[in-house]
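1. let me see the structure of the following:
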Amino acid sequence: MRGIDLHTHSNCSDGTYSVKELMDYAHEKNLAAIALTDHDTVDGLDEASTYVKENYPDMEFVPGIEFSTVEEGKDVHIVGLYIDHHNEEFKKKLGQFIDSRTVRNKKMCRKLSEEAGIPISYEELTGSFPGAVLTRAHYAKFMVDRGYAKSRNEVFDKYIGDNCPYYVEREKISPEEAISYVLEAGGVPVLAHPILYHLSDRKLDALVARLKNAGLKGIEAIYSTYSPSEERRIKELAAKYDLLISGGSDFHGANKPKIDLGIGMGKLFVPEDLLIPIKKAR
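-> Modelled structure (predicted):
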């Protein structure tokens, strides 16, 4: 049985591979299917879909997205699989969310320039990463490349990490809102990497129960950094709440150098038969 990867990122968000490079690499890895799930954007989906159809008929492309949401002050991510990203209502809501990111990025550039003395403008930043949805990873690369900081860690520790003086929070949407967006687009909403939220068993159970009631269809039970016991824990939650099992590497290219496509940190394997029930849930 071939493997699949249902959680990946291109340079349309904070990955380092172009869309075509990512699809080429997926085929090189002999993946049966790959989902492109960039953060809060669908910019690469049409390109990926067309490229795979024309070049790799033996590999399925799954259009997706990863929404950044907030739950009790913690980042909680919702992956949408098999979304119709041309759905008008979905496009409208996503556009509003992206517009709020633009406002936030302009504020953060202004703070860095005026308060930290780092000559960075929103126009320079967007010009350096054309077409990308800007994340803090882009700020870090920009500042290191231009010698304003010595390392990515310095950028986050001193300037734009959580609670740092030049960080500006983005507009927050709830996990329930993200689930509704995915459902609006005819997709399958999946709770991404729940172990990473460091919730107690009780709190994670309560969150999953609540999101199930909001329309959650799946949970990421197979993930690059999970231990065997953590994988079992999430699979038990999936069984308890009748959720589909999804999985992926969360590949970002050079921005997460220890995580490889399809195999994560070396032992990841997401079997292709998991796609069958996910497709039925659309």
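
2. surely Ser180 is in contact with Leu216?
-> No. In this structure Ser180 lies outside contact range of Leu216 using CB atoms under 8 Å: 10.8 Å. C-beta coordinates here come from the backbone N, C-alpha and C atoms, glycine included.

3. which SS class is Ala35?
-> At Ala35 the chain is in strand, as set by DSSP: H, G, I helix; E, B strand; the rest coil.

4. which residue packs closest to it, ignoring adjacent ones?
-> Leaving aside its sequence neighbours, Ala35 sits nearest to Val62 (CB to CB, 6 or more residues apart in numbering; 3.7 Å).

5. using PDB, write out every CA atom in the helix or strand encompassing Lys212.
-> Assigned by DSSP states H and E, Lys212 falls within helix 201-213. Below are the C-alpha coordinates for helix 201-213, written out as PDB (Å, rounded to 0.1, in the frame of the first residue of the first chain):
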ATOM      1  CA  ASP A 201      -6.900  14.800  28.700                       C
ATOM      2  CA  ARG A 202     -10.100  16.400  30.100                       C
ATOM      3  CA  LYS A 203      -9.700  19.600  28.200                       C
ATOM      4  CA  LEU A 204      -8.800  17.900  24.900                       C
ATOM      5  CA  ASP A 205     -11.800  15.600  25.300                       C
ATOM      6  CA  ALA A 206     -14.100  18.600  25.900                       C
ATOM      7  CA  LEU A 207     -12.700  20.500  22.900                       C
ATOM      8  CA  VAL A 208     -13.200  17.500  20.600                       C
ATOM      9  CA  ALA A 209     -16.700  17.000  21.900                       C
ATOM     10  CA  ARG A 210     -17.600  20.600  21.300                       C
ATOM     11  CA  LEU A 211     -16.100  20.700  17.800                       C
ATOM     12  CA  LYS A 212     -17.800  17.500  16.900                       C
ATOM     13  CA  ASN A 213     -21.100  19.200  17.600                       C
END
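
6. give the partner strands of the next helix or strand after it in its sheet and their orientations.
-> Next in sequence after helix 201-213, counting helices and strands by DSSP H and E, comes strand 218-223. When pairing is defined by DSSP bridges, strand 218-223 lines up against strand 188-191 (parallel), strand 244-248 (parallel).

7. about what we covered before: by contact count, what packs against the helix holding Lys212?
-> Contacts defined by 3 or more CB pairs under 8 Å, 6 or more residues apart in numbering; DSSP states H and E place helix 201-213 against helix 175-184, helix 228-240.

8. and the first one, what does it pack onto?
-> When you say that, I think you mean helix 175-184. Packing partners of helix 175-184 (3+ CB pairs under 8 Å, 6+ apart): strand 60-71, strand 74-81, helix 88-114, strand 188-191, helix 201-213.

9. got a list of contacts for that helix?
-> 65, 67, 69, 71, 76, 78, 80, 83, 87, 89-90, 93-94, 188-189, 191, 207, 210-211, 214-216 (CB atoms under 8 Å, 6 or more residues apart in numbering).

10. buried only: go through the residues you listed for me.
-> 65, 67, 69, 71, 76, 78, 80, 83, 87, 90, 93-94, 188-189, 191, 207, 211, 216 (16 or more other CB atoms under 10 Å).

11. returning to that earlier point: out of the strands paired with strand 218-223, nearest to Leu199?
-> Set against Leu199 and scored by CB to CB, the strands paired with strand 218-223 come closest in strand 188-191, at 11.4 Å.

12. could I have the CA atoms of that closest one written out in PDB?
-> What follows is strand 188-191, C-alpha atoms only, in PDB (Å, rounded to 0.1, in the frame of the first residue of the first chain):
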ATOM      1  CA  VAL A 188     -14.000  17.800   5.400                       C
ATOM      2  CA  PRO A 189     -12.900  19.700   8.500                       C
ATOM      3  CA  VAL A 190     -10.100  18.000  10.500                       C
ATOM      4  CA  LEU A 191      -8.600  19.000  13.900                       C
END
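
13. same question for it, mean pLDDT?
-> Averaging pLDDT along strand 188-191 gives 98.

14. same deal with stretch 56-76?
-> Per-residue pLDDT over stretch 56-76 has a mean of 93.

15. next one: that stretch to chain centre, how far?
-> Here stretch 56-76 is found 5 Å from its chain centre; the criterion is CA atoms, centre = their mean, to the nearest Å.

16. thought Asp205 was touching Leu237?
-> Yes. Using CB under 8 Å, Asp205 is in contact with Leu237, at 6.9 Å.

17. more neighbours, the two?
-> Legend: neighbour count by other CB atoms under 10 Å for Asp205 and Leu237, higher for Leu237 (21 against 15).

18. great, nothing more from me.
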